[in-house]
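Enquirer: Structure, please.
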Amino acid sequence: WAKLCVFVAMFDNCLTKKISMATTINAVVRPNQKKSDGTFNVKLRIIHQRKSAYLTTSHYVKKNELDKEFRIKQNSPAYIPVAKDLEKIRNIIGEISFDLDQYSINELVEIINKKINASCNKPILIKDFSDDMEKSIVVYGTKKYHHYTIAKALRFFGEESTFKGITPSKILEYERYLRSIGNKESTINYIMKRLSYIFKCAREKYNDEDNGIFLIPNPFSKYHFPKILAPKKRSWDAAEFKKYIDRDISILSTRRVIAYDIVIISFLLCGANCADIYEMPYPVNGYVHYFRKKTRNRRDDGAEMIIKVQPELLNYISKYEDPYKKRAFNFYLSYNDCDRFSDWICGMIKHIRRILSIPDLTTYVARHTWATIAYNDLRISKDDIAFCLIHASNHKITEFYIKPDYMKVDEINRKVIDWVYYGKK
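Expert: Below you'll find the predicted structure:
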């Protein structure tokens, strides 16, 4: 008991302490955060440069363990464990005291969390981290392939695999396994790059080179990703695409006709993707104004496009007319998600390939064909084709000064359509 009294005396008033002129750390209990079992979680509040942040602890107290100011009483079972946690964090902050002022409150909390994780030496499960990553992924396609990659990897490595347990030799073993079960080199390349990216994100979260914290290894540091051979060109010549436009498709079901038409619609819109066709707003004064879904969040201009509705496209806008005139096409009334609509189109295209014996038909054939005809047959420059395809410019600095001229898109698109539909150059 005497030793305990001495220990308590050491920590007396330690639940609130100023570490420096700009930094204070203390234990707090928030009255409005009472749990259903009647307990309160103890949080550690850090005040740094007049800003606050809270660290959640594993300690809980009851109302009778708190005084009128909601401070933890010294006779509370949580008092000494909380004091120890505070002392641990003070020591961590003390290690960087000379550089303390250069850190923001968020950066300081990040350093503390990394130091605590390092000292606990608790293994970090790949599944737990990747599941958290998946929750933050907004794009349906990316989320789907992320889930597929991790599920496939964990079936090989084991559900309880940790980052530290994956060594360079295991990565090579996994590559050999993927190849042995018939995966293409392009598939292996994608899986390995996604897995490498997950490791990279984990290192950014848990490692801290400046403070000597290395919780996540890099088993890919000397790994060579499988080489991918240049894919076979997925474009048709003008005659082949004209044959596709004029083909008798009475044998196809209504649902498959939609997928068939999407290819032509894409061509008439300079190779627009399924997702953009699905979301495309209703034309205003004969023009469609949209932002390419794939890259709108990665580009300063939002991947903007303004394109004229050509007469040939009017037939399809009429065929798939939106009665509410919100969008150019009514597909959203039957399919409530553009990513699932794209998946459905891909599935229908597979059936069309078989039924009409068009082995090289894909959802991308219109985009590739449009670009190839523009370049090879009509001698349009690659820069102009890139602009029509809403690709990033190779002249980013110059583009900053130039207002985009979307009339150029209409002129080139008209030339491509005239050449394919009517044989006119």
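Enquirer: At which residues are the helices of the stretch 151-300 of the chain located?
Expert: 168-180, 185-206, 238-246, 254-268, 274-279 (DSSP state H, counting those that start in this stretch).
Enquirer: looking at these, which is closest to Ile150?
Expert: Judged by Cβ to Cβ, the one of the helices of the stretch 151-300 of the chain that comes nearest to Ile150 is helix 185-206, at 7.3 Å. Glycine gets a C-beta too; all of them are placed from N, C-alpha and C.
Enquirer: Contacts for that closest one, please.
Expert: Applying Cβ atoms under 8 Å, 6 or more residues apart in numbering, the set of residues contacting helix 185-206 from outside is 114, 117, 124, 126, 129-130, 133, 145-146, 149-150, 152-153, 163, 166, 171, 175, 178-179, 183, 213, 215-220, 223, 225-229, 231.
Enquirer: And the buried ones among those residues, selectable in PyMOL?
Expert: Selecting only the buried members of the contacts of helix 185-206 in PyMOL, with burial defined as 16 or more other Cβ atoms under 10 Å, works like this:
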select buried, resi 114+117+126+129+130+133+146+149+150+152+153+163+166+171+175+178+183+213+215+216+217+218+219+220+226
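Enquirer: I'd like to know which of the contacts of helix 185-206 are part of strands.
Expert: Per DSSP state E, strands hold no members of those.
Enquirer: secondary structure class for the nearest residue to Ile137 once chain neighbours are set aside?
Expert: Spatial nearest neighbour of Ile137, chain neighbours left out: Lys143 (4.2 Å); criterion: Cβ to Cβ, 6 or more residues apart in numbering. Lys143 carries the three-state label helix when classified by DSSP: H, G, I helix; E, B strand; the rest coil.
Enquirer: right, and Lys143 touches Lys135 too?
Expert: No - taking contacts as Cβ atoms under 8 Å, Lys143 lies outside contact range of Lys135: 9.0 Å.
Enquirer: between these two, who's got more neighbours?
Expert: Set side by side, Lys143 and Lys135 show unequal neighbour counts under other Cβ atoms under 10 Å, the larger going to Lys143 at 16 against 8.
Enquirer: pLDDT below threshold where in the stretch 201-350 of the chain?
Expert: Applying pLDDT under 70 to the stretch 201-350 of the chain flags the ranges 211, 230-233.
Enquirer: Mind listing what's buried along the host helix or strand of Asn41?
Expert: Under the criterion DSSP states H and E, the helix or strand holding Asn41 is strand 39-48. Judged by neighbour count using 16+ other Cβ under 10 Å, the buried positions of strand 39-48 are Thr39, Phe40, Asn41, Val42, Lys43, Leu44, Ile46, Ile47, His48.
Enquirer: could you give the mean pLDDT of that strand?
Expert: The average pLDDT for strand 39-48 rounds to 88.
Enquirer: CA atoms of it as PDB?
Expert: Extracted C-alpha coordinates of strand 39-48, given in PDB (Å, rounded to 0.1, in the frame of the first residue of the first chain):
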ATOM      1  CA  THR A  39     -19.800   4.000 -18.700                       C
ATOM      2  CA  PHE A  40     -17.800   6.800 -20.400                       C
ATOM      3  CA  ASN A  41     -14.800   6.300 -22.600                       C
ATOM      4  CA  VAL A  42     -11.600   8.200 -21.500                       C
ATOM      5  CA  LYS A  43     -10.000  10.200 -24.200                       C
ATOM      6  CA  LEU A  44      -6.700  11.900 -24.300                       C
ATOM      7  CA  ARG A  45      -7.000  15.500 -25.500                       C
ATOM      8  CA  ILE A  46      -4.000  17.100 -27.100                       C
ATOM      9  CA  ILE A  47      -3.900  20.900 -27.500                       C
ATOM     10  CA  HIS A  48      -1.200  22.000 -29.900                       C
END
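Enquirer: Please name every helix or strand in contact with that strand.
Expert: strand 23-34, strand 51-62, helix 79-95, helix 105-120 (3 or more Cβ pairs under 8 Å, 6 or more residues apart in numbering; DSSP states H and E).
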